[in-house]
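Peer 1: All I have is the shape, not the residue letters:
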């Protein structure tokens, strides 16, 4: 199995910054993609930003220029640096990883973290 452990959420004032971290552990051969989603009350879960194993990134338009996703492949860890936070960024942030557990099968598995609350006050 694979576990994703998140840290770094909390309460911050508008305009402030937070850094989220997510470390993957367990039966990992390689990680195809690793990133962050968020879900606000009454809304669907949405992609915030993700990075592939080759370093390519994808992010939501609403966070471009404010949030930066990065990855440490050696540590199987993904980070989300969030600057210029807005009240509308308030949500539970979930780490997500697509993992290949074995080189024999190359099958990809999807895993989620438990979520970390980010609250931005106005």
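Peer 2: Everything's here; your move. Since this is a predicted model, take the numbers as computed values, not measurements.

Peer 1: Which stretches in this protein count as strands?
Peer 2: Under the criterion DSSP state E, the chain contains strands at 2-7, 10-13, 18-26, 30-39, 46-52, 57-59, 67-72, 77-82, 91-100, 108-112, 116-121.

Peer 1: quick one: average confidence on the shortest one?
Peer 2: Per-residue pLDDT over strand 57-59 has a mean of 95.

Peer 1: Residue 111 touches residue 97, doesn't it?
Peer 2: Yes - counting by Cβ atoms under 8 Å, residue 111 sits close enough to residue 97 to count as a contact (5.0 Å). Yep, even glycine has a C-beta here, placed from its N, CA and C like the rest.

Peer 1: Compare these two (neighbour count), which wins?
Peer 2: In terms of neighbours (other Cβ atoms under 10 Å), residue 97 is the more surrounded of residue 111 and residue 97; the figures are 23 against 18.

Peer 1: Can you tell me who the more buried one pairs with across the strands?
Peer 2: Applying DSSP bridges to residue 97 yields these beta-bridge partners: residue 34, residue 111.
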